[in-house]
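Asker: turn this into a model:
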Amino acid sequence: MAAVRRTSSRLASRPSPYSAGVTLFKLEDLDDADFLPPPATPRSQKYGVKKEEEDTLSMDALITLEYEDLKPLSPSKRSRSANSSPASSPGPSSSPKKTRSKKTSSPKKSPSKATSYKKALSQPDPAPARWREVFNAIQEMRKGITAPVDTMGCHMAQRHETDSRNKRYENHSDNYILLKRIRFNRFITLVSLMLSPQARDDTVDPAVTRLRDLLGGTLSLENMLAADENRILKTIRPVGLGPGKTRNLKAAAEQLRDRFNGDIPQTLEEIVTLPGVGPKVGLLALQNAWNINAGIGVDTHVLRITRLLGWHKFPKEKVEHARVSLESWLPKEHWREINPLLVGFGQTICKSDNPLCGQCTLSASGLCPSARKTVPLASPRKGKTKGKQSSPSTDCALNKPELGGLNGI
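Answerer: Residues are numbered from 1 along each chain as shown. Okay, the predicted model is just below:
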């Protein structure tokens, strides 16, 4: 009879390799020969963490966990493990996740108006051939012609003032010479120019007169500040763009009072910061109010005629490119003169819708590359369709009529 081998079991313990505060227990079978007291566990091994490479004990064999040794997850880890199973993170239920409220920023102040004028060219453009002959010929044609700009331009805006202090001059022939010695209200000149964009001189001049009557006979800064905006709008509505121009007039008056001591600035950099004032209005205001020749006031007539003469190729969307190009080669003594010269020429002879090339000496002398040639129509033949002969040169009339007087664009 075979001997019966006795077996016995014992509970073995060892520290967890994963946490120093966790003790692992395992039930082991022992033979008789193995009934020996278990070896003493070293103190350092009992309370310390010992790495054992051969230990492949799984988490299923865990019997006891020291809960107080488990540290809660930090908020950053909790947010990353929000999508994990709740069973994987034992412990009391965490507090509800706080929703971060969006910061409501205070309303931003409206940015100041950006200056849109171009600086002078570093290298001047080449001067057009025979430009001085063209300039002199236009001067001769303008001598015997009175254009709307001559009698209703911004330099004449003070002629109906009831206050003698606001009248610019007594003798029209001395308008530029006596400019600095005669006391007048420069604000009137600025108002006339601010009403001018996309309007004709014969529309702007009556609007200035009506506005003066509305303000009690004197178009002063103080009267503009005290005037009702709706009444101003009704008064200037015929010039077009009434709501915007009304807002600009009131806002510009406030800035002149607050920033410039009640007078218009004397530099282009400052004056173009006013609402409704661009480079063209600013340059003409400096010339006619302060006698400061800071540049060429390029309006619709100046832009169109200089392009027809071949002095540049810029369209109306690039008026500032045309201005700095003209200023780069045209002598400075002509910067002020060229605006009323070409405006009056465009109002009377070189009209946008129907240019009178037959009355222009530039056409007869061959100085205008865009002059319209008069070609007789060929007599129609039988069986042939009657048609017009094409012009041998470029037509100087634009497809669409352009508005504007002294203050076009």
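Asker: and the helices in the stretch 201-350 of the chain?
Answerer: Under the criterion DSSP state H, counting those that start in this stretch, the stretch 201-350 of the chain carries helices at the ranges 201-214, 221-226, 229-236, 242-259, 268-271, 279-285, 300-308, 319-329, 335-348.
Asker: who touches the third one?
Answerer: For helix 229-236, the external contacting residues (C-beta atoms under 8 Å, 6 or more residues apart in numbering) are 195, 207, 210-211, 214, 242-243, 245-247, 249-250. No exception for glycine: its C-beta is placed from N, CA and C like everyone else's.
Asker: widest-spaced pair of the residues you listed?
Answerer: Comparing every pair within these by C-beta to C-beta identifies Arg210 and Arg247 as the most remote, at 18.3 Å.
Asker: which of the contacts of helix 229-236 tops the neighbour count?
Answerer: Ranked by neighbour count (other C-beta atoms under 10 Å), the contacts of helix 229-236 have Leu195 at the top, with 28 neighbours.
Asker: contacting residues around that one?
Answerer: Leu195 makes contact with 204, 207-208, 236, 239, 245, 407, according to C-beta under 8 Å, 6+ apart.
Asker: what is the burial count for Thr361?
Answerer: Here the neighbour count serves as a burial measure; for Thr361 (other C-beta under 10 Å) it reads 14.
Asker: looking at it, it is touching Gln139, isn't it?
Answerer: No: here Thr361 lies out of contact with Gln139, judged by C-beta atoms under 8 Å, at a distance of 11.0 Å.
Asker: re the thing from before, and Asn185, which of the helices of the stretch 201-350 of the chain is closest to it?
Answerer: Nearest to Asn185, of all the helices of the stretch 201-350 of the chain, is helix 221-226, at 8.0 Å by C-beta to C-beta.
Asker: give me the contact list for the closest one.
Answerer: Residues outside helix 221-226 that contact it (C-beta under 8 Å, 6+ apart): 187, 191, 215-216, 249-250, 253-254, 256-257, 262.
Asker: show me where pLDDT drops low in the stretch 251-400 of the chain?
Answerer: Counting by pLDDT under 70, the stretch 251-400 of the chain shows low-confidence ranges at 373-400.
Asker: at 50 what do you get?
Answerer: Scanning the stretch 251-400 of the chain with the threshold set as pLDDT under 50 gives 375-380, 382-400.
Asker: buried ones in the strand or helix carrying Thr151?
Answerer: Take DSSP states H and E as the rule and Thr151 turns out to sit in helix 148-152. Residues of helix 148-152 classed as buried: 148-150, 152 (neighbour count, 16 or more other C-beta atoms under 10 Å).
Asker: out of the contacts of helix 221-226, who's the most crowded?
Answerer: Greatest neighbour count in the contacts of helix 221-226, by other C-beta under 10 Å, goes to Val191: 28 neighbours.
Asker: could you find the closest non-adjacent residue to it?
Answerer: Leaving aside its sequence neighbours, Val191 sits nearest to Leu219 (C-beta to C-beta, 6 or more residues apart in numbering; 6.1 Å).
Asker: looking at that neighbour now. What's its pLDDT?
Answerer: Leu219 is assigned a pLDDT of 92 by the prediction.
Asker: can you offset everything so residue one is 18?
Answerer: Yes, from this point I'll number from 18; that puts the last item at Leu236.
Asker: wait, it touches Arg229, no?
Answerer: Yes: under the criterion of C-beta under 8 Å, Leu236 makes contact with Arg229 at 4.6 Å.
Asker: give me the more crowded residue out of the two.
Answerer: Neighbours were tallied for Leu236 and for Arg229 using other C-beta under 10 Å; the higher tally belongs to Leu236 (26 against 23).
Asker: next one: that one relative to Ile355, how far apart?
Answerer: The gap separating Leu236 from Ile355 is 28 Å, by C-beta to C-beta, to the nearest Å.
Asker: Lys160 too?
Answerer: In this view, Lys160 and Ile355 are 16 Å apart by C-beta to C-beta.
Asker: what about these two, which has more around it?
Answerer: Between Lys160 and Ile355, Ile355 has the larger neighbour count (other C-beta under 10 Å), namely 19 against 7.
Asker: surely the more buried one meets Gly312?
Answerer: No: the pair Ile355 / Gly312 is not scored as a contact, 10.7 Å apart, by C-beta under 8 Å.
Asker: do you know the pLDDT at Ser102?
Answerer: As summarised for this prediction, Ser102 has a pLDDT of 45.
Asker: ugh, wrong one, Glu178
Answerer: Looking at Glu178, its pLDDT reads 82.
Asker: can you give me the end-to-end span of stretch 331-338?
Answerer: Looking at stretch 331-338, the gap from its leading to its trailing residue is 7 Å under the measure C-alpha to C-alpha, to the nearest Å.
Asker: equivalent analysis for stretch 246-260, please.
Answerer: When the termini of stretch 246-260 are compared using C-alpha to C-alpha, they are 9 Å apart.
Asker: tell me which residues of that stretch come out buried.
Answerer: For stretch 246-260, the buried set under the neighbour-count rule, 16+ other C-beta under 10 Å, comprises 249, 252-253, 256-257, 259.
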